[in-house]
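Visitor: Structure of the sequence below:
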Amino acid sequence: MKLINKIFLTGVISLLGFFNAQSQEGLPIYSDYLTDNYYLIHPSMAGASNCAKVRITGRQQWFGDDDAPRLLTASANGRIGDSQSGIGAILYTDKNGYHSQTGGYITYAHHIMFSRSDVDLNMLSFGLSVGAIQYKLDESAFINEPFDPIIAGVDQSATNFNLDFGFSYHLYNFYAHATVKNMLKNDGINANENGLFAYDNPRQFLGSAGYVFAKYGSTWAFEPSVMFQYKDGTKESSIDINAKAYKELEFGKLWGGLSYRRSLDGADYYEGNGVSSQKLQYITPILGIDYKQFMFAYTYSYQANSVVFNNGGFHQITLGFNFNCRKERYHCNCPAVN
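Guide: Next comes the predicted model:
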């Protein structure tokens, strides 16, 4: 029995390290960007808005379960004076069971206007982020288990550096973003010192596009959008289909929406005497309010699959503050910029 426990424990640690390396290289990508925070995934959005922005997001999964995944991010970005350049910074900590990562990014972006005046929005932006990420594996909980040479019983850690690069294009009510995250090839992220499950290609490709519809003089606006992501190392891909609505109020703005994420890759599992397949699906309602220079948003994600670890969902709260705001210059319905 001790031998079986030892083999099981070793396998769990190795597999957890493997999946953690695949899915959590750098800042995890959830639905945070939909809470007025496109800079969190696209570095070219640093300083794109008329206001400098601070955003703090807390995300918790599966309340009631010990060591459930949780994420905390803090970001700030804005223009450099009256120039066409912007800067930004992101700090985050992400914990999932015995694995955790803490990272930070600094960003420079440049915005090129193609229109003859600021009234018409026709802007191309480029952004580059430099990041440092520290990974940790806490093995202290396993020191009383049967001896295993690959378990040191301490906090193991490693640090990697990487780059994100992307561009954004805004034309009146239309926008599009494309970003390559984790451009550099790592020396190898391993589940343990023995090099099991080496993973050295964390590159990820992101693409977003959307349009804001509104009648002239109306206090309502509607924004459909999509976001596609592809992980080069594991050949995984998924797509988000989003819809948001905005209502102008005397004190600010009320907004909400719905996001649907679906993986384009399936996973097989045993069901009865046969084998079934399922694809990861998230349904995410969003509700937010802008009050003067402050922003508050709540997001809930539900995993709509037959086989899940827990029926509980993801709860997310975002707090924001805008400052150094310039007068709205563009005659467009473009919430991320105006």
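
Visitor: which residues of the stretch 101-250 of the chain fall in strands?
Guide: 122-138, 155-171, 174-181, 204-211, 220-231, 236-248 (DSSP state E, counting those that start in this stretch).

Visitor: which ones are touching G26?
Guide: Taking Cβ atoms under 8 Å, 6 or more residues apart in numbering, we find G26 in contact with G103, G131, I133, N162, D164, K181, N182, P202, Q204. Glycine gets a C-beta too; all of them are placed from N, C-alpha and C.

Visitor: got it, and L121?
Guide: S115, H170, L171, Y172, Y330, H331, C332, C334, V337.

Visitor: Make CSV out of the residues you listed and add pLDDT, neighbour count and distance to A68.
Guide: Below are those laid out as CSV (pLDDT from 0 to 100; neighbours: other Cβ atoms under 10 Å; distance: Cβ to Cβ, whole Å):
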residue, pLDDT, neighbour count, distance to A68
S115, 84, 13, 48
H170, 96, 23, 38
L171, 95, 17, 42
Y172, 92, 16, 43
Y330, 77, 20, 42
H331, 79, 12, 46
C332, 85, 21, 41
C334, 89, 24, 37
V337, 91, 21, 36
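
Visitor: Looking at these, which is nearest F228?
Guide: Using Cβ to Cβ, H170 is the member of these that lies nearest F228, at 18.8 Å.

Visitor: about what we covered before: report the lowest-confidence entry in the contacts of G26.
Guide: In terms of pLDDT, P202 ranks lowest among the contacts of G26, with 86.

Visitor: Can you report how many residues neighbour it?
Guide: 24 (other Cβ atoms under 10 Å).

Visitor: excluding its backbone neighbours, what's nearest R261?
Guide: Among residues not flanking R261 along the chain, Y282 sits closest, at 4.1 Å (Cβ to Cβ, 6 or more residues apart in numbering).

Visitor: Quick check: phi and psi at R116.
Guide: Per-residue torsions, R116: phi -80, psi -20 (degrees, to the nearest 10).

Visitor: That should have said R329, apologies.
Guide: Main-chain dihedrals, R329, degrees, to the nearest 10: phi -100, psi -30.

Visitor: Also L121?
Guide: The phi/psi pair for L121 (degrees, to the nearest 10) is phi -90, psi 110.

Visitor: Show me what the biggest strand by length in the chain is packed against.
Guide: Criterion DSSP state E: the longest strand present in the chain is strand 252-271. For strand 252-271, the packing partners by 3 or more Cβ pairs under 8 Å, 6 or more residues apart in numbering; DSSP states H and E come out as strand 236-248, strand 274-291.

Visitor: Pull the distance from stretch 294-301 to the chain's centre.
Guide: Distance of stretch 294-301 from its chain centroid, counting by Cα atoms, centre = their mean, to the nearest Å, is 15 Å.

Visitor: How many residues are close by the residue nearest to Q84 when sequence neighbours are not counted?
Guide: In space, and not counting its chain neighbours, Q84 is closest to H111: 4.9 Å by Cβ to Cβ, 6+ apart. If you count neighbours by other Cβ under 10 Å, H111 ends up with 22.

Visitor: Could you tell me which residues make contact with H111?
Guide: By Cβ under 8 Å, 6+ apart, the neighbours of H111 are G47, A48, Q84, S85, G86, M123, L124, S125.

Visitor: So how do I select the buried members of these in PyMOL?
Guide: A single PyMOL command selects the buried members of these (16 or more other Cβ atoms under 10 Å):
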select buried, resi 47+48+86+123+125
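
Visitor: quick one: which of the contacts of H111 is nearest N37?
Guide: Distances from N37 to those, taken by Cβ to Cβ, are shortest for A48, at 12.0 Å.

Visitor: quick one: the closest one and S168 touch, right?
Guide: Yes. Judged on Cβ atoms under 8 Å, A48 makes contact with S168 at a distance of 6.5 Å.

Visitor: quick one: the closest residue to A245 other than its chain neighbours from H177, how far?
Guide: Distances taken as Cβ to Cβ, 6+ apart place F222 nearest to A245, at 5.3 Å, with adjacent residues excluded. F222 sits 19 Å away from H177, taking Cβ to Cβ, to the nearest Å as the criterion.

Visitor: Looking at these two, which one has more neighbours?
Guide: Set F222 next to H177 and count neighbours by other Cβ under 10 Å: H177 wins out with 26 against 14.

Visitor: How about the contacts made by the more buried one?
Guide: Shown in contact with H177 (Cβ under 8 Å, 6+ apart): Y38, H42, S44, M45, G166, F167, S168, Y169, L206, G207, S208, A209.

Visitor: Then Q316?
Guide: Q316 sits in contact with Y30, S31, D32, T35, T57, G58, R59, Q60, Y298, T299, Y300, S301, where contact means Cβ under 8 Å, 6+ apart.

Visitor: ok, now E223?
Guide: Contact analysis of E223 by Cβ under 8 Å, 6+ apart lists G210, Y211, V212, F213, N242, A243, K244, A245, Y246, G257, P335.

Visitor: Closest one to F294 out of those, please.
Guide: P335 (15.4 Å).

Visitor: Surely that closest one is within a strand?
Guide: No. Using DSSP: H, G, I helix; E, B strand; the rest coil, the assignment for P335 is coil, not a strand.
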